[in-house]
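**Student:** For reference, the sequence and a predicted model appear below.
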Amino acid sequence: MIDEIQVSRLIIETYFEKLKEATSLDVAICGGGPSGLVAAAHLSRRGMRVALFEKKLSLGGGMWAGGMLFNQIIVQPEAAEVLDEFKIRYQEREGLLVASAVESVARLIIGAREAGCRVFNGISVTDVMVKDKKITGFVINWGPVQALSERGVSLEVDPLVVAAPWTIDATGHGHEVCRVAQEKGLRLATRSGKAEGEKSMWAERAEEMVVKNSRQVYPGLFACGMAANAVFGAPRMGPIFGGMLLSGKKVAERILHRAGKKK
């Protein structure tokens, strides 16, 4: 027999148990695209307490649709190790690797979850917590509440906070966490102290720079994926994802090093 109240109670109990555990983390990640998922998996596998917050209901960012809704993606051979690590199947064509966009996202999500990352979809990061000139956590609220606020409809719902000594902006083109930090007067690790802005399409250059730019942008805050290129003023690359995957891995390795968890 299925009791409706039992169903509701079990959902509420288990969700709030998970949310309570996520109030104190080692790493908090904003953005569930490919770079964020790779970072989450690598960090979680090394025993870090990690939670990922995605404002949309679905994870995967722009990877789901491939290029213009043709749901295939291209990956450079240099990132084959990441595809193999997540058991993503691919074929070699003209010196590049071609994979299913849908399978790739599914495998990345499964990899992050199996590694132990806690995933919260439908939750936005609306601000950062700063103490002693270091970002020490995220301010969070329901995604729909934030979406309405951006449209001028205020529900006046106060947020909650999750604490973490290390945070990651993996929000893609919008570089949402870095943008909020800048608006609050924090000086980012760029020439101007502000986000330099994403440049026009140049796939080869963008793929090179997305890995180079994946690093700490303010004490306690790292950027990866297209958020890193947007902050440091590099081009966009389109439906090519090798750099995105390697970007997430690099940020995870940087945090593990700083946390004293060397290989």
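**Tutor:** Thanks, I have it. Numbers count the residues shown, from 1 in each chain.
**Student:** all helices of the stretch 101-250 of the chain, in order?
**Tutor:** Secondary structure of the stretch 101-250 of the chain (DSSP state H, counting those that start in this stretch): helices at 101-115, 143-150, 176-183, 203-212, 226-232, 242-258.
**Student:** which residues in the protein form strands?
**Tutor:** 27-30, 50-54, 72-75, 90-93, 96-100, 118-121, 123-131, 134-142, 160-163, 166-169, 199-201, 215-218, 221-223, 235-236 (DSSP state E).
**Student:** And the first one, what does it pack against?
**Tutor:** What that stands for is strand 27-30. Here strand 27-30 touches helix 34-45, strand 50-54, strand 134-142, strand 166-169, going by 3 or more CB pairs under 8 Å, 6 or more residues apart in numbering; DSSP states H and E. All C-beta atoms are positioned from the backbone trio N, CA, C, and that covers glycine.
**Student:** how close does residue 62 get to residue 185?
**Tutor:** Distance from residue 62 to residue 185, counting by CB to CB, to the nearest Å: 30 Å.
**Student:** These two: which is more packed in?
**Tutor:** residue 62 (19 against 7; other CB atoms under 10 Å).
**Student:** Report the helix or strand with the lowest average pLDDT across this structure.
**Tutor:** helix 143-150 (a mean of 90; mean pLDDT, DSSP states H and E).
**Student:** one step back: the strands of the chain into JSON lines, with extra columns for distance to residue 40, mean neighbour count and mean pLDDT?
**Tutor:** JSON lines is the format used below for these (distance: least, CB to CB, whole Å; neighbours: other CB atoms under 10 Å; pLDDT from 0 to 100):
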{"stretch": "strand 27-30", "distance to residue 40": "6", "mean neighbour count": "29", "mean pLDDT": "98"}
{"stretch": "strand 50-54", "distance to residue 40": "5", "mean neighbour count": "28", "mean pLDDT": "98"}
{"stretch": "strand 72-75", "distance to residue 40": "19", "mean neighbour count": "22", "mean pLDDT": "97"}
{"stretch": "strand 90-93", "distance to residue 40": "22", "mean neighbour count": "12", "mean pLDDT": "98"}
{"stretch": "strand 96-100", "distance to residue 40": "20", "mean neighbour count": "17", "mean pLDDT": "98"}
{"stretch": "strand 118-121", "distance to residue 40": "8", "mean neighbour count": "18", "mean pLDDT": "98"}
{"stretch": "strand 123-131", "distance to residue 40": "15", "mean neighbour count": "21", "mean pLDDT": "97"}
{"stretch": "strand 134-142", "distance to residue 40": "14", "mean neighbour count": "20", "mean pLDDT": "97"}
{"stretch": "strand 160-163", "distance to residue 40": "14", "mean neighbour count": "15", "mean pLDDT": "98"}
{"stretch": "strand 166-169", "distance to residue 40": "9", "mean neighbour count": "29", "mean pLDDT": "98"}
{"stretch": "strand 199-201", "distance to residue 40": "27", "mean neighbour count": "11", "mean pLDDT": "96"}
{"stretch": "strand 215-218", "distance to residue 40": "18", "mean neighbour count": "22", "mean pLDDT": "98"}
{"stretch": "strand 221-223", "distance to residue 40": "13", "mean neighbour count": "28", "mean pLDDT": "98"}
{"stretch": "strand 235-236", "distance to residue 40": "23", "mean neighbour count": "18", "mean pLDDT": "96"}
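**Student:** Tabulate those strands in JSON lines, adding columns for distance to residue 83.
**Tutor:** Shown next, in JSON lines, are those (distance: least, CB to CB, whole Å):
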{"stretch": "strand 27-30", "distance to residue 83": "21"}
{"stretch": "strand 50-54", "distance to residue 83": "20"}
{"stretch": "strand 72-75", "distance to residue 83": "6"}
{"stretch": "strand 90-93", "distance to residue 83": "6"}
{"stretch": "strand 96-100", "distance to residue 83": "7"}
{"stretch": "strand 118-121", "distance to residue 83": "21"}
{"stretch": "strand 123-131", "distance to residue 83": "29"}
{"stretch": "strand 134-142", "distance to residue 83": "30"}
{"stretch": "strand 160-163", "distance to residue 83": "31"}
{"stretch": "strand 166-169", "distance to residue 83": "21"}
{"stretch": "strand 199-201", "distance to residue 83": "24"}
{"stretch": "strand 215-218", "distance to residue 83": "23"}
{"stretch": "strand 221-223", "distance to residue 83": "23"}
{"stretch": "strand 235-236", "distance to residue 83": "22"}
